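A.B. asks: mind looking at a prediction? Sequence and model below.
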Amino acid sequence: MNAIDPVLAKIDTNRHAALDRLFELLRIPSISTDPAFAADCRKAAEWLVSELKSLGFEASLRATPGHPMVVAHRRKPGARRVLFYGHYDVQPVDPLSLWATPPFEPHLKNGANGQQIMGRGAADDKGQVMTFIEAARGFIETHGDLPLDVTIFLEGEEESGSPSLNAFLQAAKDELKADLVLVCDTGMWDAGTPAITGSLRGLVGEEVIITCADRDLHSGGFGGPAQNPIRALAKVLAKLHDDAGKVTLPGFYDGVDEISADLKASWDKLPFDVAEFLGDVGLKTPAGEKGRTVLEMLWARPTCEMNGIVGGYTGDGFKTVLPAKASAKVSFRLVGRQNPQKIRDSFRTFVRDNLPADCQVEFRDHGASPGIVLPSGGAAFQNARAALSTEWGNEAFIIGGGGSIPVVGAFKEVLGMDSLLIGFGLDDDRIHSPNEKYELASFQRGARSWARVMAALAG
């Protein structure tokens, strides 16, 4: 019998108790962004410390200016050292009226792919975290040890911008240093097909505020000769893209590399239905860069998007006003070697150069992180891919991530460590939305998958 077989059998035997443990954690409303839930965030962290100690980890809370970190070690001298990352905090539940059942009363519900775990944090990220912990439990209860030297690092502020993360990583970098980071905050291709995320887009957030007159003006008395900041702002924003959908900022595509022919060919083979993808949100025709597939646009191409525009009178009825001020929030998704600060500088210069007379401009920085390309040719990546394929009976795809996971960049920049991004969420898990769910199969087979991955990484 293979050494992994009794571990998988133990995970299967534990599956009911594992679900009970997850439900305990899901009942804790650890909403990090709301100070009213600070005690609950600490309670969730303490629950995890207690659980990890029961498995023989040296586990403790680590204080930060915000919510505590959880750090746990189970050392195995001579073995490959891995750092597993997840987060125990969750998003707010508003609007509460849209939840079919209370968000912190987890339960099972029948769904299209079988039973679903319902509740805030089920998929993002408590269910994902517990898949790894249950895999570790399977090894420890079967063999008395793990096949790897494992550190578990769980954050309590991921859903509120991770304000304490970088300083903590700097202070604890010697303790957290490992050969590889395992990150669970990602998803599968579909309900039966696992995936490893090989790239993530970065992000630059900018707010631009244009002021013209010193007060709002009557459009009958000043319309025409007075500069209108909404019109000025709209013209600038319209110039950010050309007719082919490309971004016009000077230097914007510096550091943007074409994907390899092999990767493009593998993406072209993915069972992806553009009509279904757009149709699910009431659209029909792909926008974006002409000559690019939708998957290229999502995973390998940078973007510039307007996320909000405010100016003038927006209340009920009508008011003939020339506003004094107009503003917009603009985000840039970055890929490859694009430099976030250069993108920010280019945007601000572009706006200033394209404003007419009598316009003053102010900018607000809303964060930045670079894109990440993870090495997919190494043995760790390929062994993990093979382990996932074996568990699910379908070849694990290498996919891209359209969004950002800033901690992956922080691990690379601060600790010099590459990450392996493996998760079991699905696109319809409704994370950050009412009625969040996590497939029961994702939870149970996710634990089995992590056991196989750990064994594969240990060789």
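C.D. replies: Looks like it came in fine.
A.B. asks: show the contacting residues for the spatially closest residue to K126 that is not a sequence neighbour.
C.D. replies: Nearest non-adjacent residue to K126, counting by C-beta to C-beta, 6 or more residues apart in numbering: L25, 5.1 Å away. C-beta coordinates here come from the backbone N, C-alpha and C atoms, glycine included. Residues in contact with L25 (C-beta atoms under 8 Å, 6 or more residues apart in numbering) are 44, 47-48, 88, 121, 126, 130.
A.B. asks: ditto for N166
C.D. replies: N166 touches 410, 414, counting by C-beta under 8 Å, 6+ apart.
A.B. asks: show me the contacts for the residue nearest to G245 when sequence neighbours are not counted.
C.D. replies: Ranked by C-beta to C-beta, 6+ apart and with sequence neighbours excluded, the top spatial neighbour of G245 is E289, at 4.4 Å. Taking C-beta under 8 Å, 6+ apart, we find E289 in contact with 244-246, 297, 301.
A.B. asks: measure E289 to A380 for me?
C.D. replies: Noted for E289: a distance of 33 Å to A380, by C-beta to C-beta, to the nearest Å.
A.B. asks: now do the strand or helix carrying S266: which elements does it pack against?
C.D. replies: In this structure, S266 sits in helix 261-268 according to DSSP states H and E. In terms of contact count using 3 or more C-beta pairs under 8 Å, 6 or more residues apart in numbering; DSSP states H and E, helix 261-268 is assigned the packing partners helix 294-299, strand 397-401.
A.B. asks: pLDDT averaged over the first one - what is it?
C.D. replies: Yep, that's helix 294-299 we're talking about. Average pLDDT, helix 294-299: 96.
A.B. asks: that one - contacts with which helices or strands?
C.D. replies: Partner elements for helix 294-299 (3+ C-beta pairs under 8 Å, 6+ apart): helix 261-268, strand 397-401.
A.B. asks: so of those, which one's packed in deepest?
C.D. replies: Most buried of the helices and strands packed on helix 294-299, by mean neighbour count (mean count of other C-beta atoms under 10 Å): strand 397-401, with a mean of 22.
A.B. asks: my guess is K235 contacts N354. True?
C.D. replies: Yes. The criterion here is C-beta atoms under 8 Å, and K235 meets it with N354 at 7.2 Å.
A.B. asks: which of the two has more neighbours?
C.D. replies: Per other C-beta atoms under 10 Å, whichever of K235 and N354 has more neighbours is N354, with 15 against 12.
A.B. asks: pretty sure the more buried one sits against A238.
C.D. replies: No. Judged on C-beta under 8 Å, N354 makes no contact with A238 at a distance of 9.9 Å.
A.B. asks: any idea how far K290 is from the closest residue to K342 other than its chain neighbours?
C.D. replies: In this structure, K342 finds its nearest non-sequential neighbour in G251, 6.3 Å apart by C-beta to C-beta, 6+ apart. G251 sits 21 Å away from K290, going by C-beta to C-beta.
A.B. asks: kindly report the same for A265.
C.D. replies: Distance, A265 to K290, using C-beta to C-beta: 21 Å.
A.B. asks: please apply the same query to I398.
C.D. replies: For I398, the distance to K290 - C-beta to C-beta - is 26 Å.
A.B. asks: do K412 as well
C.D. replies: For K412, the distance to K290 - C-beta to C-beta - is 33 Å.
A.B. asks: so these two - more neighbours on which side?
C.D. replies: Using other C-beta under 10 Å, the more surrounded residue of K412 and K290 is K412, with 16 against 11.
A.B. asks: okay, angle between the helix or strand containing the more buried one and strand 397-401 too, please.
C.D. replies: Per DSSP H and E: K412 is located in helix 406-415. Per axes from the mean of the first three to the mean of the last three C-alpha atoms, to 10 degrees, the angle that helix 406-415 makes with strand 397-401 is 90 degrees.
A.B. asks: so what does helix 406-415 touch, helix or strand wise?
C.D. replies: Helix 406-415 packs on strand 81-87, helix 165-171, helix 173-176, strand 180-183, strand 372-373, strand 419-422, going by 3+ C-beta pairs under 8 Å, 6+ apart.
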